[in-house]
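K.L.:
what's the 3D shape of this:
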Amino acid sequence: MARIEKVAETIRKEISLILHDELKDPRLGFVTITAVELTKDLRIAKVFYSVLGSEQDRQNTKLALDSSLGFIRKLVAERIQLRFAPELMFREDNSTEYGAKIEEILNEIKEEKNEPKKNSRANKKKP
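P.N.:
Residues are numbered from 1 along each chain as shown. Below you'll find the model as predicted:
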């Protein structure tokens, strides 16, 4: 199990470097590779990424990643010495966005709980 995790982390780092230094697609937004999940036989790698920006930025980044899949796979295969180059599948990671939304909801609930206390104090002081 440790080998799979090490290979996945190596693939994550290599893809991050490739996207940052070598992929010159103007559609590529501010993308971060968040995780890589490998099958036990190391043949398929799900590459999770997040994009900072609008919905249009996310769509453009998805198109850029999909169109450069072969190029990225070739470079990963050259840099990582494995018997087979893993098949790459890019998946958008919405966990950061999801976490921010939950935090926003929790803050709204907290504010709503604090407001009645403030109003009740103000009402008590008036009479």
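K.L.:
Please, where are all the strands along this protein?
P.N.:
Using DSSP state E, the strands of the chain run over residues 30-38, 44-52, 87-92.
K.L.:
winner for burial among those strands?
P.N.:
Mean neighbour counts were compared across these using mean count of other C-beta atoms under 10 Å; the top stretch is strand 44-52, at a mean of 19. In short, each C-beta sits where N, CA and C put it, glycine included.
K.L.:
And the contacts of that one?
P.N.:
Outside strand 44-52, the residues that touch it by C-beta atoms under 8 Å, 6 or more residues apart in numbering are 8, 11-12, 15, 29-39, 57-58, 61, 65, 86-97.
K.L.:
Number of residues surrounding residue 77?
P.N.:
Neighbour count for residue 77, taken as other C-beta atoms under 10 Å: 14.
K.L.:
So for it, what's the nearest residue that isn't a sequence neighbour?
P.N.:
The shortest distance from residue 77 to any non-neighbouring residue, by C-beta to C-beta, 6 or more residues apart in numbering, is to residue 85 (3.3 Å).
K.L.:
can I get the CA coordinates of stretch 38-51 in PDB?
P.N.:
The C-alpha trace of stretch 38-51 is given here as PDB (Å, rounded to 0.1, in the frame of the first residue of the first chain):
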ATOM      1  CA  LEU A  38      -4.000   4.900  -8.400                       C
ATOM      2  CA  THR A  39      -5.400   1.400  -9.000                       C
ATOM      3  CA  LYS A  40      -3.600  -1.400  -7.300                       C
ATOM      4  CA  ASP A  41      -1.900  -2.400 -10.600                       C
ATOM      5  CA  LEU A  42      -0.800   1.200 -11.200                       C
ATOM      6  CA  ARG A  43      -2.400   1.300 -14.600                       C
ATOM      7  CA  ILE A  44      -5.100   4.000 -14.000                       C
ATOM      8  CA  ALA A  45      -4.500   7.200 -12.200                       C
ATOM      9  CA  LYS A  46      -7.400   9.500 -11.300                       C
ATOM     10  CA  VAL A  47      -5.900  13.000 -11.100                       C
ATOM     11  CA  PHE A  48      -8.000  15.400  -9.000                       C
ATOM     12  CA  TYR A  49      -7.600  19.100  -9.600                       C
ATOM     13  CA  SER A  50      -9.100  22.400  -8.400                       C
ATOM     14  CA  VAL A  51      -9.400  25.600 -10.400                       C
END
